[in-house]
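1. Give me coordinates for this.
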Amino acid sequence: MNAPGITGNLPIIRAHYADILCQLAEELGVERRRLLADSGIRPALLGHPDNFITLDQFTNLCRAAVARTGDAALGLAFGLRLKFTTHGSLAQAAISCDTLAEALQVLIKYFRTRFVYMELTFIEEGNEAVLQLDPGHDVEDLYRFNVDVVMASLMDVNQLLFGDRLISTGWCKVNYAPPSDLEPYRRLFGDQIEFSAGANQLRFDRRLLSLPMSLSNPVTRRFAEAQCEEEMRSIEAATTMAARVTRILESVRDSRLPGLETVAEQLSLSTRTLRRQLASEGVRFQDLQDELRHRRALELLRRRELTIDEVADAVGYSDPSNFGRAFRKWEGMSPSTWRNHRFDQ
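-> Numbers count the residues shown, from 1 in each chain. Purely as a prediction, here's the structure:
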């Protein structure tokens, strides 16, 4: 479950997440010692909330839990166990904000302190507010599990703070095929869930962004955000420069991606230093921009309502023919051929 730019042997996953997953699996008849043996985790590590395990250990634990329980919807159950108090300073900072909009900004900013292997972004489309989740690209076997964990956890916190107001105005979209057993999803989302949707999103009426947070407290927020900042610095220290640049590029949902000077300024570096550090990792800034355009193009092409020209414009190509040439370089076929092949499967 390696995050881009972070090696799997770094201890950056809080151990109590693993402990909660073990508790859930035990209730389903799986012995804890077997799970820990499968994942290479010492039992003593799970005894204190300030301990950490590695990404590889957590990945192996998740795989073992899904396999040994035989529960394909285990991610939903795990996500519902992750109450807002589980997330410590991140949850405290978010719920201490004045409005839902501010809370989402905090959640997006520090999301990686809890789920370092996934990206969460926020956009507004027309009358809708959209939270979009992008799991790591190297964990296909845990794709559904990871999406379910975050979606269920977000829904549980939403229910606690706002009741049915958010989900009653929107729906959940997930980018995997409908499971054979829909009952766990119906219990959580009702009929407001769409499978094979081309993206993983929670969508709701953007007017609700102004909802006040009942636990708003500026002093608590300030202290909690300071702790989140410290945790982010620890993660950044373990992250490659290419990954840091990519995250800045991903944070901009506009079709025009920020240039080298803008990114360097956000990193408090000169453009020369940024180029040199990327070169030392064997990467060029232009390559990172192209990789993001590629990923976004694939994401948007899965949305049938968009024309090829609209996809081209959304990823920064004013001339569709230039987009076509770039896409053939990425995928070895035209955008329309790729889309037709995708939906014919």
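2. Could you export stretch 100-113 as PDB, keeping only the C-alpha atoms?
-> Only the C-alpha atoms of stretch 100-113 are listed here, as PDB (Å, rounded to 0.1, in the frame of the first residue of the first chain):
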ATOM      1  CA  LEU A 100     -18.400  22.700   7.300                       C
ATOM      2  CA  ALA A 101     -16.400  24.400   4.600                       C
ATOM      3  CA  GLU A 102     -13.500  25.200   7.000                       C
ATOM      4  CA  ALA A 103     -13.700  21.600   8.400                       C
ATOM      5  CA  LEU A 104     -13.300  20.100   4.900                       C
ATOM      6  CA  GLN A 105     -10.300  22.400   4.200                       C
ATOM      7  CA  VAL A 106      -8.600  21.100   7.400                       C
ATOM      8  CA  LEU A 107      -9.500  17.500   6.500                       C
ATOM      9  CA  ILE A 108      -8.000  17.800   3.000                       C
ATOM     10  CA  LYS A 109      -4.900  19.500   4.300                       C
ATOM     11  CA  TYR A 110      -4.000  16.900   6.900                       C
ATOM     12  CA  PHE A 111      -5.700  13.800   5.500                       C
ATOM     13  CA  ARG A 112      -2.300  12.200   4.800                       C
ATOM     14  CA  THR A 113      -1.400  12.200   8.500                       C
END
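3. Other residues contacting that stretch?
-> 3, 89-90, 93-95, 97, 118-122, 129, 131, 162, 208-211, 213, 221, 225, 228, 231-232, 235 (Cβ atoms under 8 Å, 6 or more residues apart in numbering). Placement of C-beta: from N, CA and C, glycine included.
4. those helices in the stretch 201-345 of the chain, which residues are they?
-> Using DSSP state H, counting those that start in this stretch, the helices found in the stretch 201-345 of the chain span residues 218-237, 241-250, 260-266, 271-280, 285-301, 308-314, 320-331, 335-344.
5. continuing past the helix or strand bottoming out on mean pLDDT in the chain, what's the next helix or strand?
-> Across the helices and strands of the chain, mean pLDDT, DSSP states H and E gives its lowest value to strand 11-14, namely a mean of 78. Next along the chain after strand 11-14, taking DSSP states H and E as the criterion, comes helix 15-27.
6. Can you tell me which helices and strands that following helix packs against?
-> helix 32-39, strand 52-54, helix 55-69, helix 74-81 (3 or more Cβ pairs under 8 Å, 6 or more residues apart in numbering; DSSP states H and E).
7. how about CSV for the ones you listed, with mean neighbour count added?
-> Formatted as CSV, the helices and strands packed on helix 15-27 follow (neighbours: other Cβ atoms under 10 Å):
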stretch, mean neighbour count
helix 32-39, 16
strand 52-54, 20
helix 55-69, 21
helix 74-81, 22
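8. Among the contacts of stretch 100-113, which are located in strands?
-> M118, E119, L120, T121, F122, A129, L131 (DSSP state E).
9. Just put those residues in JSON lines and tack on pLDDT.
-> Shown next, in JSON lines, are the ones in strands among the contacts of stretch 100-113 (pLDDT from 0 to 100):
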{"residue": "M118", "pLDDT": "86"}
{"residue": "E119", "pLDDT": "85"}
{"residue": "L120", "pLDDT": "89"}
{"residue": "T121", "pLDDT": "88"}
{"residue": "F122", "pLDDT": "87"}
{"residue": "A129", "pLDDT": "89"}
{"residue": "L131", "pLDDT": "90"}
